[in-house]
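*Asks:* I'd like to go over a predicted model; first the sequence, then the structure.
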Amino acid sequence: MSQDRIVAHFQSSLAGLTKAVQSTDLLATTHTIARAVADALTSGNKLLLIGNGGSAADAQHIAAEIVGRYKQERAGWAAIALTTDTSALTAIANDYGFEQIFARQIQGLARRGDVLFALTTSGRSPNILAALKTARDLGVTTVGFTGTKGESLRALCDHLFVSPTDDTPVIQQIHMMAMHAICDEVEQMLIDATKAK
């Protein structure tokens, strides 16, 4: 690995992305997640997204791709990042504790048939775990995005995407790559379904 920190980061990112694209299991999981999102949106359900820190920003980013557009002109679809409402976040944290900031929103907003993207590089964030438990109780399809140390998340997820690294920035980069690919696939599937009607 290079002594140049910038080059080293590029090399680490490339190694992680290469592992991801060479994993048939990971690619199959990504296709399955895309199908679950497309089915939910086609049925009039929505995509909910949660995460902390950089993953919170990634959740917002992907919600915007779904509501706005990814690459193609089409109708807006329902997606909400539960990381953005500062009044709800601070009220829930103040009244119920930080662990409940997403679970409480899911109680109020989620319906059976929705899909939840839960982004956690460690797989151990208490507020993510609480949200996944609440979502499962409500019949929401749960999708986890984590790194190699987050395998325990599998018990709470219908589908689990595990970035093949434990380096947090690279995990997040692979998550974003996968979610962009999912947006692309979902967009095409829904446009094709609309044309077929």
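*Replies:* Okay, I see it.
*Asks:* can we go C-alpha only for contacts and neighbour counts from here?
*Replies:* Noted.
*Asks:* average pLDDT for stretch 56-69?
*Replies:* Averaged across stretch 56-69, the pLDDT comes to 98.
*Asks:* Stretch 188-197 now?
*Replies:* On average, stretch 188-197 scores 87.
*Asks:* same question, stretch 72-92
*Replies:* According to the model, stretch 72-92 has a mean pLDDT of 97.
*Asks:* Stretch 135-151 now?
*Replies:* 97.
*Asks:* Next, the buried residues of that stretch.
*Replies:* For stretch 135-151, burial by neighbour count (16 or more other CA atoms under 10 Å) applies to 135-136, 138, 140-151.
*Asks:* what does that stretch contact?
*Replies:* 33, 36, 103, 106-107, 110-124, 132, 153-154, 156-168, 171, 175 (CA atoms under 8 Å, 6 or more residues apart in numbering).
*Asks:* Out of those, list just those in strands.
*Replies:* 115-119, 159-162 (DSSP state E).
*Asks:* all helices of the protein, in order?
*Replies:* Secondary structure of the chain by DSSP state H: the helices cover 5-22, 24-42, 54-67, 86-96, 103-109, 126-137, 168-196.
*Asks:* At the geometric centre of the protein, which residue do we find?
*Replies:* The centroid of the chain falls nearest to residue 117 when counting by CA atoms, centre = their mean (3.5 Å).
*Asks:* I figured it was touching residue 46, is that so?
*Replies:* No: contact between residue 117 and residue 46 fails when scored by CA atoms under 8 Å: they sit 10.9 Å apart.
*Asks:* Does residue 119 touch residue 53 like I think?
*Replies:* No: with contacts counted by CA under 8 Å, residue 119 stays clear of residue 53, the gap being 10.0 Å.
*Asks:* before we move on, the earlier item: make a markdown table from the helices of the chain and add distance to residue 74 to it.
*Replies:* What follows is the helices of the chain, written out as a markdown table (distance: least, CA to CA, whole Å):
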| stretch | distance to residue 74 |
| --- | --- |
| helix 5-22 | 28 |
| helix 24-42 | 13 |
| helix 54-67 | 10 |
| helix 86-96 | 30 |
| helix 103-109 | 25 |
| helix 126-137 | 29 |
| helix 168-196 | 7 |
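*Asks:* Tell me which of those helices lies nearest to residue 79.
*Replies:* Residue 79 lies closest to helix 54-67 among these, at 5.1 Å (CA to CA).
*Asks:* can you list contacts of the closest one?
*Replies:* By CA under 8 Å, 6+ apart, helix 54-67 touches 47-51, 76-81, 83-84, 117, 119-120, 172, 176, 179-180, 183.
*Asks:* What subset of these is buried?
*Replies:* 47-51, 77-81, 83, 117, 119-120, 172, 176, 179-180, 183.
*Asks:* So which bits of stretch 120-131 are buried?
*Replies:* 120-123, 127-131.
*Asks:* Residues contacting it, please?
*Replies:* Outside stretch 120-131, the residues that reach it (CA under 8 Å, 6+ apart) are 50-52, 55, 98-104, 106, 118-119, 144-147, 149-153, 156, 166, 168, 171-172.
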